[in-house]
Structures are given as structure tokens and as C-alpha cells.
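Asks: Predicted coordinates and the sequence they were generated for:
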Amino acid sequence: MSDRPTPELLLALAREAAGRAGRLLRDGRPADLGVAATKSSPIDVVTEMDLAAERLITGFLAERRPDDAFLGEEGGVSGGTSGVRWVVDPLDGTVNYLYGLPQWAVSIAAEVDGEAVAAAVAAPMRGESYHALLGGGAFRTAADGSSEPLRPRPSPPLDQALIGTGFNYVATVRTAQAAVARRLIPRVRDIRRSGSAAIDLCDVAGGRLDGFYERGLAPWDLAAGDLIAREAGAVTGGRPGLPPDGDLTVAATSGVFGKLQPLLDELGAWHDSHE
Ligand code: 2AM
Ligand code: CA
């Protein structure tokens, strides 16, 4: 063990790195941007800009925090000795970015001994970023630098709740997710599918959604947004009694969460067979 940085220092680094990567992605998007590689399936794409953004973030953090561990979506994995780990999605919402849609973000969380203590999500095309400190609240910052606390909406009844979700890149999983969505739609106000889990979690935090759920998220998709949602006063979890994970991530205002999480469990939102 070497130094124990303050969460405030980790937050400042997370915000700076997310801001720099966000500007690179916004200003450096090639007009003829193409797919550089595919991952879990032919529609799970990575562009040269995902890779460039991760290189920027790893370089920035390695220079300032050489003894920290790193987990990045685009293969940046390194061990560390400081007890700090950075969990990074350099571009969350890659398909939106590829198509020129605005819902994409850079997501960076800092964990100390496995617990997220600081989080930053930059959404440059919204002109907004979001951040949170464990025990210190969650905030939205506008392009002019002004900040305000993030607050979830008052909880509506479930049948008036606007619920975000997302679909996996793997066809068998998408098929099962569609079956769950078909049964959920009549029981809620409506469904939104933004294409960026990090933004969806920040939207629950800030009252733009009443809830969000998704199956198949990876740690880098949810680490920052989960802390931001919790610090804003929303409730997050996975299957009942469990923390959010790859099986299921649920985030909602407290009243909606109490109805949505058991309903998703009943609908089998974490698995494939829905015959
Ligand atoms: P991405 O844009 O970084 O790939 C879309 O529903 C959301 O889920 C996005 O945040 C997307 O992240 C993520 N996502 C979808 N399928 C995924 C998978 N198989 N593994 C990890 N993240 C996934
Ligand atoms: Ca990504």
C-alpha cells in the first residue's frame, strides 16, 4: 500500500479525465467514422475513437496515479498497489456516436478497496456533466460551469412511471429482453431506450426518468452512474437483495424501485428463457 488519496482528489481527476476525453470525442469525430472492430456480436462495435478516448484516459491517469489499478472497456487492464481502481468506459453509447446521435458519454469511477467513492460522467452533446462523491451528493454541471444538485422526481405510481432500458448486442439476449419489455410496457407510462446506460442512470438521478433497468451491463457501464444515482437519492440494485451486476441493474426513485425490482424479477428480466 502506498498513499491513500482523498476521494476529492480522485473526483477531480475523474472529472478532468472525463472532460478531456469528452472534448476529444466531440471535436475529433471523423466525418467518415467507421467501425474498427466488433466484440460480442457483429453489432457490438468499437470505433477508432473509443480506442483514442481510452488511451487519453489511461495516459492521463497513469501519469498522475501510477500505482492505481485500471479496468477499461477497450482492454485497458492493469493491476495496482495503491488500493485505488479506475473503472472506465471511454465511450458509452458507441452506436449513437457512430450514427451522430447525441446520447453518448464518458464514464469514470474511482474505487477504493472495491467501493466506488467518486464518479464522473461527461455528456458533451448535452452540454452537461454529472459527478458524485460517496456521502457527498450528486451534481449536474452545465457548459457554463454552473452546478446544481441532482434530484430524482417524486415517485409516481408504477403505471405512470417513465422507465429507461437497453438491449444487449447478443441476439438471444435481445430476444428475451424484448419479451420482458412487451410485458412491462402495459404496466408503466412508457419506455425509453437511449443507448447509453451511464446517461440513463444520470437521468434517474436528475428526474428525467422515473426508473431504469438493463440486463447484461458490464462494470464500466454502471460504476459511475450507479454512485451518481445513489448519491442523488435514487435506489439501485440488481436482483432482489443483490447489488447491480451483469444479470440485472435497476435504478429508480424509491417508490418506483420497490415496485419495479420485484416485477422485473417476476418477469425474469435477468435470463433467457421466456416461453
Ligand atoms: P456501450 O455503448 O459502451 O457498448 C446500451 O443498452 C447500453 O448497454 C450501453 O451503455 C452499452 O454500452 C451497454 N451494453 C450493451 N450491450 C452490452 C454488452 N454486451 N456488454 C457491455 N455493455 C453493453
Ligand atoms: Ca463503451
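Replies: Yep, that arrived. Ligands and ions are numbered 1, 2, ... in the order given.
Asks: hey, let's count contacts and neighbours off CA atoms from now on
Replies: OK.
Asks: ok but Val173 is inside a strand, no?
Replies: No - going by DSSP: H, G, I helix; E, B strand; the rest coil, the assignment for Val173 is helix, not a strand.
Asks: contacting residues around the spatially closest residue to it that is not a sequence neighbour?
Replies: The shortest distance from Val173 to any non-neighbouring residue, by Cα to Cα, 6 or more residues apart in numbering, is to Asp272 (6.1 Å). Contacts for Asp272 (Cα atoms under 8 Å, 6 or more residues apart in numbering) come out as Thr172, Val173, Ala176, Gln177.
Asks: can you do 10 Å?
Replies: When the contact criterion is Cα atoms under 10 Å, 6 or more residues apart in numbering, the partners of Asp272 are Thr172, Val173, Arg174, Thr175, Ala176, Gln177, Ala179, Val180.
Asks: Get me the contact residues on the stretch 1-150 of the chain for ligand 2.
Replies: Residues of the stretch 1-150 of the chain lying close to ligand 2 (Cα under 5 Å from the ion) are Leu91, Asp92.
Asks: Quick check: end-to-end length of stretch 67-77?
Replies: Chord length of stretch 67-77, first to last residue, is 13 Å (Cα to Cα, to the nearest Å).
Asks: swap in stretch 89-103?
Replies: 14 Å.
Asks: For stretch 173-182, list every residue counted as buried.
Replies: When burial is assessed from 16 or more other Cα atoms under 10 Å, stretch 173-182 yields the following buried residues: Val173, Arg174, Thr175, Ala176, Gln177, Ala179, Val180, Ala181.
Asks: any low-confidence regions in this protein?
Replies: 1-3, 274-275 (pLDDT under 70).
Asks: Which helix runs longest in it?
Replies: Across the chain, the helix with the greatest residue count (assigned by DSSP state H) is helix 7-27.
Asks: name the helices or strands packed onto the helix or strand that comes right after it?
Replies: Using DSSP states H and E, the helix or strand that directly follows helix 7-27 along the chain is strand 35-38. Helices and strands touching strand 35-38, by 3 or more Cα pairs under 10 Å, 6 or more residues apart in numbering; DSSP states H and E, are strand 45-47, helix 48-64, helix 94-99.
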